[in-house]
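**Student:** what would the 3D arrangement of this be:
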Amino acid sequence: MAKIKLAILGVGNCASSLLQGITYYAAKNAHTGSGLMYWDVGGYKPYDVEVVAAFDVDARKVGKDVAQAIFELPNCTTIFCKDVPLTGAKVIMGQVLDGIAEYMQHYDQDKAFVVAKEKESGRADIVEALAESKAEILLNYLPVGSEEATKFYVECCLEAGVAFINCMPVFIASQPEWAARFKEKNIPIIGDDIKAQIGATITHRALAALLESRGVNLEKTYQLNIGGNTDFLNMLDRSRLSAKKKSKTDSVQSVLKSPLQADNIQVGPSDFIIWQKDNKVCYIRMEGTAFGGVPMNLELRLSVEDSPNSAGIVIDAIRCCKLALDRGTGGALYSPSAYLMKYPPHQLTDDKAKLRMEEFISGKRPS
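**Tutor:** Residues are numbered from 1 along each chain as shown. Have a look, this model is predicted:
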């Protein structure tokens, strides 16, 4: 198969895990069944991805080959594949806009962003870079709360005719007006807000669905998440969290027949602990009543490396987006979005979303 030409927006921990994973599975060169939901997606393997462009604003990354930039500070994720070959694509200075919370530029211990002195790229520059690289898909890894920046790059994609995968909780694919613009230009989009492979929200959803299927009346629940990467540092600015909290909360609520009152559900980021680095720790508590109205509760602690946990999902999203490009399908891709994203255009239960995803891959379902 031809390589999928990918541009990356934000060369942080998630981009690092993705590029390491592409190299890791290329070395395997066969289906190992390890760490992937799908080895083959319409003929595309996990290593059939070529990074041809990247955008960032950190001085330690701008101007370097993407394969070098992914190992620069403040990235701190696990290095499970250090021999990532050079891509030939140098990181381009993007637009800052609201992509960095102001206080993050002054944080200590190598966690701060160091904004590059290069002139910021304008819209015409971004569109030109996408065209020259022949990028087919732009992957959005901007920090939580980057509303203006995300919309700026979405406009660039629409102008350049490049597909968009929105891994962040800025509502694009889920909004009819944005989805209609991608449909009009026959450009595919997947979003919004990537699920993890086995993360806090997918686990919370599974437990909520389990309790409901077993006749337990869920009355109260919370999910508390802590970590030490720049994502958690960024989210200390609570003003940037409204979309993130809505995305995660609605994802859990969507599997319940009767959604909980707002006071009885808390789902979202909680704190930043620097020595946790890219490790994310999640605490879930669920309270309800079972047979005879007898109380029960469930508590769970989940510890995962945050960025590799999402990379396996992203690599499926990339391949689904490429299938849509091959088939000439534009607009929001409902089935992949429902399975891979927290806040898709149409919420489905995970078992139904998996079935729809596989129907999309096989070609039985157009989107």
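
**Student:** what comes up buried for stretch 195-204?
**Tutor:** Lys195, Ala196, Gln197, Gly199, Ala200, Thr201, Ile202, Thr203, His204 (16 or more other C-beta atoms under 10 Å). C-beta: built from backbone N, CA, C; applies to glycine.

**Student:** among those, which lie within strands?
**Tutor:** Judged by DSSP state E, strands contain none of the buried residues of stretch 195-204.

**Student:** closest to Ser34 out of these?
**Tutor:** Nearest to Ser34 among those, counting by C-beta to C-beta, is Gln197 at 12.0 Å.

**Student:** the residue lying closest to the closest one once chain neighbours are set aside: how many residues sit nearby?
**Tutor:** The shortest distance from Gln197 to any non-neighbouring residue, by C-beta to C-beta, 6 or more residues apart in numbering, is to Gly312 (4.7 Å). Other residues near Gly312 come to 20 when the count uses other C-beta atoms under 10 Å.

**Student:** adjust the sequence numbering to begin at 432 for everything that follows.
**Tutor:** Sure, I'll start numbering at 432, so the last one becomes Gly743.

**Student:** so what's Gly743 up against?
**Tutor:** Residues touching Gly743, when contacts are defined by C-beta atoms under 8 Å, 6 or more residues apart in numbering, comprise Gly452, Gly466, Leu467, Met468, Gln628.

**Student:** which one in those is the model shakiest on?
**Tutor:** Across the contacts of Gly743, the smallest pLDDT goes to Gly466, namely 89.

**Student:** which residues in the stretch 482-631 of the chain form helices?
**Tutor:** With helices called from DSSP state H, counting those that start in this stretch, the stretch 482-631 of the chain shows them at 497-500, 554-564, 578-591, 607-615, 631-644.

**Student:** list of residues touching the fourth one?
**Tutor:** Identification of contacts with helix 607-615 by C-beta under 8 Å, 6+ apart yields Val585, Leu589, Phe595, Ile603, Ala604, Pro619, Ile620, Gly761, Gly762, Ala763, Pro776.

**Student:** residues contacting the closest residue to Gly473 other than its chain neighbours?
**Tutor:** Spatial nearest neighbour of Gly473, excluding adjacent residues (C-beta to C-beta, 6+ apart): Leu754 at 4.5 Å. Neighbour list for Leu754: Val472, Gly473, Tyr475, Phe791, Ile792 [criterion: C-beta under 8 Å, 6+ apart].

**Student:** isn't the fourth one up against Ser766?
**Tutor:** Same thing as Phe791. Yes - the pair Phe791 and Ser766 qualifies as a contact (C-beta atoms under 8 Å) at a distance of 4.1 Å.

**Student:** got any residues that touch both of these two?
**Tutor:** Residues touching both Phe791 and Ser766 (C-beta under 8 Å, 6+ apart) are Ser798.

**Student:** got CSV for the contacts of helix 607-615, with pLDDT, neighbour count and distance to Phe613 too?
**Tutor:** Formatted as CSV, the contacts of helix 607-615 follow (pLDDT from 0 to 100; neighbours: other C-beta atoms under 10 Å; distance: C-beta to C-beta, whole Å):
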residue, pLDDT, neighbour count, distance to Phe613
Val585, 98, 22, 9
Leu589, 98, 18, 7
Phe595, 99, 26, 7
Ile603, 98, 26, 9
Ala604, 98, 27, 8
Pro619, 98, 28, 7
Ile620, 98, 29, 5
Gly761, 98, 20, 6
Gly762, 98, 21, 5
Ala763, 98, 25, 7
Pro776, 98, 24, 11
